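# Here you go, sequence then predicted model.
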2 protein chains.
Amino acid sequence: MKKKEEKELVGVKEIARRANVAIATVDRVINNRKGVSEKTKAKINAIIEELNYKPNILARRLASKETLMFAVLIPSVSKETDYWEAPLEGITQAQSEIVSYGIEIDKYFFDQNDTQSFLIESRKILDKKYHGILLAPMFAKESAEFVSECTRRSIPVVFINSDLPDTPSLCYIGPDLYHAGGLAAHLCGYLIEEEDRILIVNISEIDNHRHFLRKEEGFKDYFYESKKSNAILKLDIKETNYKAISKELRKIFNSERVNLVFVPNSRVFYVAKFFEEYEIDNVRLIGFEFLAKNIKYLKKGTIDFLICQKPIEQGYRGIMTLYQHCVLKNRVKKVHYMPIDIITKKNYKFYSN
Amino acid sequence: MKKKEEKELVGVKEIARRANVAIATVDRVINNRKGVSEKTKAKINAIIEELNYKPNILARRLASKETLMFAVLIPSVSKETDYWEAPLEGITQAQSEIVSYGIEIDKYFFDQNDTQSFLIESRKILDKKYHGILLAPMFAKESAEFVSECTRRSIPVVFINSDLPDTPSLCYIGPDLYHAGGLAAHLCGYLIEEEDRILIVNISEIDNHRHFLRKEEGFKDYFYESKKSNAILKLDIKETNYKAISKELRKIFNSERVNLVFVPNSRVFYVAKFFEEYEIDNVRLIGFEFLAKNIKYLKKGTIDFLICQKPIEQGYRGIMTLYQHCVLKNRVKKVHYMPIDIITKKNYKFYSN
DNA sequence: CTGAAAGCGCTTACAG
DNA sequence: CTGAAAGCGCTTACAG
């Protein structure tokens, strides 16, 4: 049970004593506040350097009267997919951990199928003064505009789930879509034979979503690079109700021989449902995301593999990165790719998003 | 930029005011220190309840002069396997995060093949006064004795990597070995055919290590439960140098047809090396742990799957759990199983231990 | 440009 | 059994 007194005490007090100035002046230098002559500033900085002084975050947050405000702007959870529940959970978790450090978080939600809703919410955010923003930049153009306005106001923005590489964000936290597709392709190697045929089923109301296209690219490139000759068909379904999906699937399954279906997003459960209804049990199935609807079919063996990229952690880390940057003033990594996890019927119980 | 003043202030001060006592008395009640009459205690507790008061951890650690001391007792990193580097990394990471909260960590290491070294180190720990201990209870009997002595002294002990279910620890953080074995078996289903034969290779100087036996059990039970009829052979190699291992493998590969090898620990790279040397490329290989030596063969395709259970996180969480318990006084989960991750040549780059 | 003093929400001697 | 006061390492007005 050591006592603190034994330690060498290096705080603002000691710095002030050595520099022969008041504590307030030291504080001004440490926090880059103006109103200090170059001369005293240099003197103090030298001492800070020499002492290898690190501010005590506890004391700082305790003494500071300022509450830091973060805004979160992500898609709302829809009936159709509850994917965004997971990042939200991570965000809420992070929130509870840092609330006592004087940080508050406001959450804003937009409709994934409605650009307008994004614009409305993003304007609300700009109307308030936030110290940091966590954003899912689904709509590329609108997000870029929003971010450049934030940048003008020096508000750091963290991207999760998908990236806009050319937009000046603080960082990106999320999947490497290309390699996720590549992994799916690699797993196919274990599921099918040389002559077998693959069907990519893209179920999405939004046309040619970057998200899915990039995965598809990684998927196809893997086959190309590993010189596999399996036929790869593609089916685009622009609706997200089971009836319509089932109809389209029926059509293609009646006319084509298919041995494996790859669904590059979370709607793989629709295909599983179709397989079950039509008693198709000799076709392998790979998809994305750890959702209850998907796990149900994974358990039964209808879905072979789910690929998942820690959606909860994306939300959690997103907030924590803002905290690192704004509060602790730490440098943060520009890109943080999530692991690409493989979920099967035998390990899903232990999976932590 | 809200100000704190806007918030309702509920601290020791307000409680003291309402209870009409001094702050010190409130402090005594909050921290269960003695020297308070039942009457005032009840009164203060009622107010705490009513206000739903949560102590401010920042202020507590800042004001407290006491440094909390944790001890870590894990195997040393040997040339033969660098597995324990990973948990150690997690421990060091956690350490750096909580050092400014007035917590110090001392690390002790024992030799996995030497019970005596464990006894020596554990005695050193008992000679000092620690507030919490992180332990890898490899040696069941000796660990149990050590833990019961700790329990007598009310020192909480957290287990990582392997559990002693009947020993009174604060909690266990690590793999569910049985299900890890089951997952390996499940993956086999994708790698081999009905007639194919499986060889379990156990490489370990220690006899019948609980660790490996439990995985083997999960592995075999899966085959039994899923009514697969593949032959399962077993080879025990009690040495950990390549020459001896290679000799044993050669012997069995000369006399038996084997289509898949399962190594229930991290020494799978020895088998991979053997395959490479003897140009065996039609035998599938599954093993454990994300080690450089293993990844090398995963990349080349010699190893098909590695199963990994977040060793870094085990160390990190172990320390953080002690922190949660000792500093934040939070309840901790009795058992925290790690996810069972599947690593392939296509996702290892993104894996985070 | 600089300083003295109060205060953040706790804990810790010390006094009674 | 209880209280008044100092202090943890910072920040924040306010005064000069």
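All right, it came through fine.

# Every contact and neighbour count from this point should use C-alpha atoms.
Noted.

# Let me see the confidence value for whichever residue of the stretch 201-350 of chain A sits closest to DNA strand D.
Per C-alpha to the nearest atom of the strand, A:Val327 is where the stretch 201-350 of chain A lies closest to DNA strand D, at 9.9 Å. Listed pLDDT for A:Val327 reads 82.

# Next: the one 3 residues further on.
According to the model's per-residue confidence, A:Asn330 sits at a pLDDT of 78.

# Point me to the helix or strand that includes the closest residue in space to it that isn't next to it in sequence.
By the measure of C-alpha to C-alpha, 6 or more residues apart in numbering or on different chains, the closest residue to A:Asn330 outside its immediate chain neighbours is A:Gln324, 5.5 Å from it. Assigned by DSSP states H and E, A:Gln324 belongs to helix A:311-326.

# Run a quick neighbour tally on the residue of the stretch 1-150 of chain A found nearest DNA strand C.
Nearest residue of the stretch 1-150 of chain A to DNA strand C: A:Ala63, at 3.0 Å (C-alpha to the nearest atom of the strand). Look at A:Ala63: counted by other C-alpha atoms under 10 Å in any protein chain shown, it has 10 neighbours.

# What of A:Lys79?
Neighbours of A:Lys79 (other C-alpha under 10 Å): 7.

# what does A:Glu194 give?
10.

# Please name the nearest non-neighbouring residue to it.
A:Asn230 is the one closest to A:Glu194 (C-alpha to C-alpha, 6+ apart), at 6.2 Å.

# And for A:Leu51?
Excluding its sequence neighbours, the residue lying closest to A:Leu51 (C-alpha to C-alpha, 6+ apart) is A:Val10, at 7.0 Å.

# Can you tell me the SS state at the one you found?
Following DSSP: H, G, I helix; E, B strand; the rest coil, we place A:Val10 in the coil state.

# Against chain B, how distant is A:Ile57?
Distance, A:Ile57 to chain B, using C-alpha to the nearest C-alpha, to the nearest Å: 8 Å.

# If you could redo that for A:Asp127, that was the one I meant.
Distance, A:Asp127 to chain B, by C-alpha to the nearest C-alpha: 13 Å.

# ditto for A:Leu170
A:Leu170 is 21 Å from chain B, where distance means C-alpha to the nearest C-alpha.

# Quick check, that residue in contact with A:Val158.
Yes: here A:Leu170 reaches A:Val158: they are 5.4 Å apart, a contact under C-alpha atoms under 8 Å.

# which one of the two has more residues nearby?
More crowded of A:Leu170 and A:Val158, by other C-alpha under 10 Å: A:Val158, with 26 against 22.

# Now name the helix or strand holding the more buried one.
Element membership of A:Val158 [criterion: DSSP H and E] is strand A:157-160.

# Packing partners of the next helix or strand after that strand?
Sequence order places strand A:171-174 as the next helix or strand after strand A:157-160, per DSSP H and E. Applying 3 or more C-alpha pairs under 8 Å, 6 or more residues apart in numbering or on different chains; DSSP states H and E, we find strand A:171-174 packed against strand A:157-160, helix A:311-326, strand A:335-337.

# quick one: strands adjacent to the last one?
Using DSSP bridges, the strands paired with strand A:335-337 are strand A:171-174 (parallel).

# For the partner strand, list the C-alpha coordinates in CSV.
C-alpha atoms of strand A:171-174 as CSV (Å, rounded to 0.1, in the frame of the first residue of the first chain):
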residue,chain,number,x,y,z
CYS,A,171,-10.8,8.6,-39.0
TYR,A,172,-12.7,5.6,-40.4
ILE,A,173,-13.7,2.7,-38.3
GLY,A,174,-15.3,-0.2,-40.1
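
# burial count for the closest residue to A:Pro75 other than its chain neighbours?
Excluding its sequence neighbours, the residue lying closest to A:Pro75 (C-alpha to C-alpha, 6+ apart) is A:Phe110, at 4.8 Å. Other residues within reach of A:Phe110 by the criterion other C-alpha under 10 Å amount to 20.

# What is the least confident helix or strand in chain A?
helix A:57-63 (a mean of 83; mean pLDDT, DSSP states H and E).

# Now do whichever helix or strand comes after that one: distance to the chain's middle.
Next in sequence after helix A:57-63, counting helices and strands by DSSP H and E, comes strand A:68-75. Here strand A:68-75 is found 13 Å from its chain centre; the criterion is C-alpha atoms, centre = their mean, to the nearest Å.

# Stretch A:246-257 too?
Using C-alpha atoms, centre = their mean, the offset of stretch A:246-257 from its chain centre is 35 Å.

# For it, buried residues please.
Residues of stretch A:246-257 classed as buried by neighbour count (16 or more other C-alpha atoms under 10 Å in any protein chain shown): A:Ser246, A:Leu249.

# Residues in contact with that stretch: which ones?
With C-alpha atoms under 8 Å, 6 or more residues apart in numbering or on different chains as the test, stretch A:246-257 has contacts from A:Arg197, A:Ile237, A:Tyr270, A:Val271, A:Phe274.

# ok so, going back, nearest to A:Lys293 among the helices and strands packed on strand A:171-174 would be which one?
Proximity to A:Lys293 (C-alpha to C-alpha) singles out helix A:311-326 among the helices and strands packed on strand A:171-174, at 15.9 Å.

# Flag every buried residue along that closest one.
A:311-323, A:325-326.

# what angle separates it from strand A:68-75?
Per axes from the mean of the first three to the mean of the last three C-alpha atoms, to 10 degrees, the angle that helix A:311-326 makes with strand A:68-75 is 150 degrees.

# Packing partners of helix A:311-326?
Checked by 3+ C-alpha pairs under 8 Å, 6+ apart, helix A:311-326 has helix A:85-98, strand A:132-135, strand A:157-160, strand A:171-174 packed alongside it.

# Spell out which parts of the stretch 1-150 of chain A neighbour DNA strand C.
Contact residues, the stretch 1-150 of chain A versus DNA strand C (C-alpha under 7 Å from any atom of the strand): A:20-25, A:34-41, A:59, A:62-65.

# how about 10 Å then?
Taking C-alpha under 10 Å from any atom of the strand as the criterion, the stretch 1-150 of chain A approaches DNA strand C at residues A:3, A:16-17, A:19-29, A:33-44, A:58-65, A:100, A:102.

# Buried ones among those?
Applying 16+ other C-alpha under 10 Å to these, the neighbour count classes A:16, A:19, A:23, A:25-27, A:29, A:40-41, A:44, A:58, A:61-62, A:100, A:102 as buried.

# taking those residues as a set, which two sit the farthest apart in space?
Pairwise distances across those peak at 34.9 Å for A:Thr40 and A:Ser100 (criterion: C-alpha to C-alpha).

# elements contacting the helix or strand hosting A:Arg17?
Taking DSSP H and E as the criterion, A:Arg17 maps to helix A:12-19. For helix A:12-19, the contact count by 3+ C-alpha pairs under 8 Å, 6+ apart identifies helix A:23-30, helix A:38-51 as packing neighbours.

# With DNA strand D in mind, check whether it reaches it.
Yes: using C-alpha under 10 Å from any atom of the strand, helix A:12-19 reaches DNA strand D at A:Val12, A:Lys13, A:Glu14, A:Ile15, A:Ala16.

# Tell me which residues touch the last one, please.
Read it as A:Ala16. Contacts for A:Ala16 (C-alpha under 8 Å, 6+ apart) come out as A:Ala22, A:Ile23, A:Thr25, A:Val26, A:Ile44.
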